Structures are given as C-alpha cells and as structure tokens.
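K.L.:
With the sequence up front, the predicted model follows.
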Amino acid sequence: MPQSTPEYIYVEKPIIEQLISMGWQYIEGSWDNPAITERENFKQVLVIQRLKAAIKRINLDDNGNPWLDDIQVQTAVSQLERLGANRLMEANQAATELLLKGTTVLGQDGKQHTVHFIEFDPENLHRNNFLAINQYRVDPPWATGNRGFIVPDMVLLVNGIPLVVIECKSPNLDNPITEAIQDLLKYSNQRGSSQPEGAEKLFHYNLLMIAASRGRATAGTIGANYEHYVDWKDTIPSPQAEIAAQLGASELNSRQTLIAGMRNQLI
C-alpha cells in the first residue's frame, strides 16, 4: 500500500507505532517476496523458524534447560499444521485447544511429554516472540501466480502463529468499520459466497479479528457477523491514562484502547 494514503497515514501507521511502543517487533510485508516475511512461499501462514525457536525456548526441563531436539520440535509443529478439520470453525477450535493445552511428543525416556506453543506464565511472557507484519500476503490453495491472493493490512503473530488479523480503512469512507469487517469476512470465507474468495488457513489460528479506522476499532472472533463486532472497553491491567501519556494523547480513542488492551487477553 502506498504510504501516502489516508488509510496508511491515519490508521495503519499509528497502529504499527503503538505496537512497537508495546514491545512488538515489526516487519514491513511484501507482495512479491515471501522471504521478507520469513516464509518459503505465500501459501504458508505460520512463520516456522520463529515457531520452532519459541518451542525450544519456552519448553524447559526442571533445571531450566531446553530439552526438545529438532525431531521432537518438528513433531509438535506438524501437530499444529495438520489440524484434522476441513471447516473453518472446527479447525479454529482444534487450533485453539492446541494453543491452550499444548500437544505431546515422545521424550528420551520413552514417555509422552506435553509441549506448549505459547508461554502463559505471567512471569515468563518474555519467552514469547511478538511480531507484527503489515500487508501480509497469503495465497489460497486455488490461487495461481499473482491472481487470487489476499493481503490483510496487518497480521499479529505470537511465536510465529497468526493470532490476530487487522483490516484498516480510510476515515474518508462513509462506513469504514463496516467495510473493514466485510473484508475480514471475505478473507476468511465467511460471507456465504458460492465460490471461495479468501484464505481460510490464515484464520485457523485466529483469536481476534479487528476492523480499524482513524479513531475507532471493533473486534470479533471467527463466526462473528457485523453486529457482533464490539468496541474494546479497557486496557487492564495498565491504566488508560498511563497508556495515553505514552502515546502523547490526552485520552485514548477506541482504536488505541483496543490495541493496548488486546495483548493481555491473547496470553
């Protein structure tokens, strides 16, 4: 997207800046080269090397040392890649259970051991990797060449897993939030179209879909329709005044509140 458009200047860029201020890493995406977003091809939605590194980093033995070898890590990754469900809702449910509960791999002792993909311990959240990528191209299975791909404005990945998709719209539009939701439903094949129009695989791991414009943003989950997208109400545990001061604002708008508050609900 040209960086001179109202959508980029008033919506996408401020979100990127806020995420960076919160400790997220940032990569500017590419429509032409998947390697820029650390993927082998545009059909991949997981950033595999970050995922593998995180699995080794957050799964430690009783002495605080990594215990997984490369084969065990690949076994865990394969479980996350192959969810055993074809429909979006079922795949999303299977992925969510894996993210919350982990999976099992065979240990050196011949026993099954639990492997987690995300560190949920509040004291060890630093073991997770938080990455924001804008203009995140994904090619559906039926896409050919440079035809049929989708490009959400922003994807937020934790340990290489795409948990949040954000669609931004220019404040100059009559109904920017409605149009953003429409695109999110299109990208996830949830508009009821007779033909596939999105890349469902990107949304298998999704925990939150965000429609954003200049001063407002709403959030929904898989299965949510237009009326189910809602504003975010708080930034717990951080005070709103504290975050506003960090952003140089007198008070937070709806979009800033959502971006500040959502991370604490993800993990």
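P.N.:
Cool, the structure landed. Numbering: from 1, shown residues only.
K.L.:
all helices of the stretch 1-150 of the chain, in order?
P.N.:
6-7, 13-21, 48-58, 70-81, 88-101 (DSSP state H, counting those that start in this stretch).
K.L.:
Roughly how far does residue 195 sit from residue 86?
P.N.:
From residue 195 across to residue 86, the span is 17 Å (CB to CB, to the nearest Å). For glycine as for every other residue, the C-beta is placed from the backbone atoms N, C-alpha and C.
K.L.:
Mean pLDDT and mean neighbour count added to the helices of the stretch 1-150 of the chain, as CSV?
P.N.:
CSV is the format used below for the helices of the stretch 1-150 of the chain (pLDDT from 0 to 100; neighbours: other CB atoms under 10 Å):
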stretch, mean pLDDT, mean neighbour count
helix 6-7, 95, 19
helix 13-21, 96, 17
helix 48-58, 98, 19
helix 70-81, 97, 16
helix 88-101, 96, 17
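K.L.:
can you redo these as a markdown table with distance to residue 118?
P.N.:
Below are the helices of the stretch 1-150 of the chain laid out as a markdown table (distance: least, CB to CB, whole Å):
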| stretch | distance to residue 118 |
| --- | --- |
| helix 6-7 | 31 |
| helix 13-21 | 18 |
| helix 48-58 | 7 |
| helix 70-81 | 11 |
| helix 88-101 | 6 |
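K.L.:
Identify whichever of those lies nearest to residue 248.
P.N.:
helix 13-21 (10.2 Å; CB to CB).
K.L.:
Contacts for the closest one, please.
P.N.:
With CB atoms under 8 Å, 6 or more residues apart in numbering as the test, helix 13-21 has contacts from 3, 26, 132, 134, 154, 156, 166, 168, 212, 246-247, 255-256, 259-260.
K.L.:
7 Å instead, please
P.N.:
Helix 13-21 is contacted from outside by 26, 132, 134, 154, 166, 212, 246-247, 256, 259, using CB atoms under 7 Å, 6 or more residues apart in numbering.
K.L.:
and which of those is nearest residue 187?
P.N.:
For the contacts of helix 13-21, the minimum distance to residue 187 (CB to CB) is 11.2 Å, reached by residue 166.
K.L.:
Let's see the helix or strand hosting the closest one as PDB, backbone CA atoms only.
P.N.:
In the assignment (DSSP states H and E), residue 166 maps to strand 161-168. Extracted in PDB, the C-alpha atoms of strand 161-168 (Å, rounded to 0.1, in the frame of the first residue of the first chain):
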ATOM      1  CA  ILE A 161       1.500 -18.100  14.900                       C
ATOM      2  CA  PRO A 162      -1.000 -15.600  13.300                       C
ATOM      3  CA  LEU A 163      -3.400 -14.900  16.200                       C
ATOM      4  CA  VAL A 164      -4.800 -11.500  15.100                       C
ATOM      5  CA  VAL A 165      -5.800 -10.100  11.700                       C
ATOM      6  CA  ILE A 166      -6.400  -6.300  11.400                       C
ATOM      7  CA  GLU A 167      -8.100  -4.600   8.500                       C
ATOM      8  CA  CYS A 168      -7.700  -0.900   8.200                       C
END
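K.L.:
May I see the buried residues of that strand?
P.N.:
161-168 (16 or more other CB atoms under 10 Å).
K.L.:
Any idea which of the helices of the stretch 1-150 of the chain gets closest to residue 39?
P.N.:
Closest approach to residue 39 among the helices of the stretch 1-150 of the chain is made by helix 48-58 (7.7 Å; CB to CB).
K.L.:
what about the strands in the stretch 101-250 of the chain?
P.N.:
103-106, 112-115, 130-134, 154-158, 161-168, 208-212, 217-220 (DSSP state E, counting those that start in this stretch).
K.L.:
so how far is the last one off the chain centroid?
P.N.:
Spelled out, that is strand 217-220. Averaging C-alpha positions (CA atoms, centre = their mean, to the nearest Å) puts strand 217-220 14 Å from its chain's average.
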